[in-house]
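K.L.:
Can you look at this prediction? I've put the sequence above it.
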Amino acid sequence: MDWAEDEIAQAQLRHPDITDVLHHSFALLTATHDRMSTEFIYRAHARELIERVATGVLTKPGTSIEVALSLMQASLVTPLNTTAFGLYLRMWRCANLPALGGPIQDLDHHYEAIVATSIDDLESVARRKLSVSDRVLTLVTCEGFHHGEPVDCRLATARAA
């Protein structure tokens, strides 16, 4: 919960014009994988969802972290093909996870050069398959208070305003 609140607070600093809406994004930040108990993984997932809210992008499709974690699980069962491994590297980079280092450092650019279009297609499929149908900012009931403080929130009910 603290990680989610912290990510929301950081996003509110980046997007001061919609702090009220971002406050209500907390409900979207549910972990969808056991590995999200690791702070940097969860934070990347939460950050992407909050940025989607901030920029008006759909929140249902799978996040970069969700795609990367699904590919990690697949790799435990069978080797990833060139396209899948390229997508794994892309999702790692998109999520702004720590640099991999070693022989894998900057390898994603090579995969992008070889099979970028196939990676694009697989990314679309993966994000769609990993969609969370109820991960939307709807039915927000705001009484005009955030953390006990009165606020001018555009999502406040008419009764509360």
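P.N.:
Sure thing, it's come through. Because the structure is a prediction, the values reported are computed rather than measured.

K.L.:
Which stretches in the protein count as helices?
P.N.:
Secondary structure of the chain (DSSP state H): helices at 2-14, 19-23, 39-55, 64-75, 82-94, 108-129.

K.L.:
tell me what the fourth one is packed against?
P.N.:
For helix 64-75, the contact count by 3 or more C-beta pairs under 8 Å, 6 or more residues apart in numbering; DSSP states H and E identifies helix 39-55, helix 82-94, helix 108-129 as packing neighbours. Placement of C-beta: from N, CA and C, glycine included.

K.L.:
Tell me which of these sits most buried.
P.N.:
Each of these was scored by mean neighbour count; the highest is helix 82-94, a mean of 21, by mean count of other C-beta atoms under 10 Å.

K.L.:
Can you name the residues in contact with that helix?
P.N.:
Helix 82-94 is contacted by residues 64-65, 67-68, 71-72, 74-75, 80, 100, 104, 107-108, 111-112, 114-116, 118-119, 122-123, 126 when judged by C-beta atoms under 8 Å, 6 or more residues apart in numbering.

K.L.:
Domains of this structure: list them as residue ranges, please.
P.N.:
Domain segmentation of the chain under automatic domain parsing yields 2-59+135-150, 64-129.

K.L.:
distance between the ends of the last one?
P.N.:
Read that as domain 64-129. One end of domain 64-129 to the other measures 13 Å (C-alpha to C-alpha, to the nearest Å).

K.L.:
where does the protein dip in pLDDT?
P.N.:
Applying pLDDT under 70 to the chain flags the ranges 101-106, 138-161.

K.L.:
mind running it again at 90?
P.N.:
Applying pLDDT under 90 to the chain picks out residues 1, 18-27, 97-114, 134, 136-161.
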